[in-house]
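Colleague: Give me a 3D structure for the following:
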Amino acid sequence: MNDYKPAAKKVVVYTAMQALEKARRWCALQERCHSETRSKLFTWNIREEEAEQVISQLISEGFLNEERFARAYARGKFRMKHWGRVKIINALKLKKISPYCLRKGLEEIDEEEYMQTLLKLYNKRCKEVKERNPWARKAKILTFLAGKGFEPDLIRELLRNDSKHAAMD
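Modeller: Numbers count the residues shown, from 1 in each chain. Presented below is the predicted three-dimensional model:
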């Protein structure tokens, strides 16, 4: 018979001051939102009242700023991952970002750059899709671009314009 018992995991409980110090370092690494920070504090076994005090302190010291977070998040997801507005909005809503901060975040996306990115992704996907049936081909392209978070109306307009050009060739 095997008498091996795994060692019990030590539960570390931080004081409010220890948690504040640790949270300052954590927030200094990159922009954080309130909900992420609250969740992180709970993983450190901080009570809810203390967590709210820590968050208030981080806000007053400038370590947490939801508008700044929303701007950085939208800018980063668009430029690095080529996410469209729909996906960015949904992700920010999951992080419980206010509508005001959400709008401010979307202001970081330049309209011309947005359309160029959509066109670049569209052209790249057109080369990758080997489907011969034009309807199935369009559906695959639309599904891909919608999955990236681009607005269905913009995608359909792009597909419509491309179909007109293909008919003229």
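Colleague: To which secondary structure element is residue 100 assigned?
Modeller: helix 99-106 (DSSP states H and E).
Colleague: Now do that helix, average pLDDT.
Modeller: Regarding helix 99-106, the rounded mean pLDDT is 97.
Colleague: For the chain, just list every one of the strands.
Modeller: Here the chain has no strands by DSSP state E.
Colleague: Worst mean pLDDT across the helices and strands of the protein, which element?
Modeller: The weakest-scoring helix or strand in the chain, judged by mean pLDDT, DSSP states H and E, is helix 152-168 (a mean of 76).
Colleague: one step back: which other helices and strands contact the helix holding residue 100?
Modeller: Applying 3 or more Cβ pairs under 8 Å, 6 or more residues apart in numbering; DSSP states H and E, we find helix 99-106 packed against helix 66-81, helix 85-94. Every residue, glycine included, has its C-beta placed from N, CA and C.
Colleague: Buried residues, the first one. List them.
Modeller: Residues of helix 66-81 classed as buried under the neighbour-count rule (16 or more other Cβ atoms under 10 Å) are 66, 68-75, 77-78.
Colleague: That one packs against which elements?
Modeller: Using 3+ Cβ pairs under 8 Å, 6+ apart, helix 66-81 sits against helix 85-94, helix 99-106.
Colleague: can you pull the contacts of the spatially most central residue of the chain?
Modeller: In the chain, the C-alpha closest to the average C-alpha coordinate belongs to residue 91, at a distance of 4.7 Å (Cα atoms, centre = their mean). Residue 91 is in contact with 73, 77, 83, counting by Cβ atoms under 8 Å, 6 or more residues apart in numbering.
Colleague: residues touching the closest residue to residue 72 other than its chain neighbours, list them.
Modeller: Closest residue in space to residue 72, ignoring its immediate chain neighbours: residue 31 at 4.4 Å, by Cβ to Cβ, 6 or more residues apart in numbering. Contact analysis of residue 31 by Cβ under 8 Å, 6+ apart lists 65, 68-69, 72-73.
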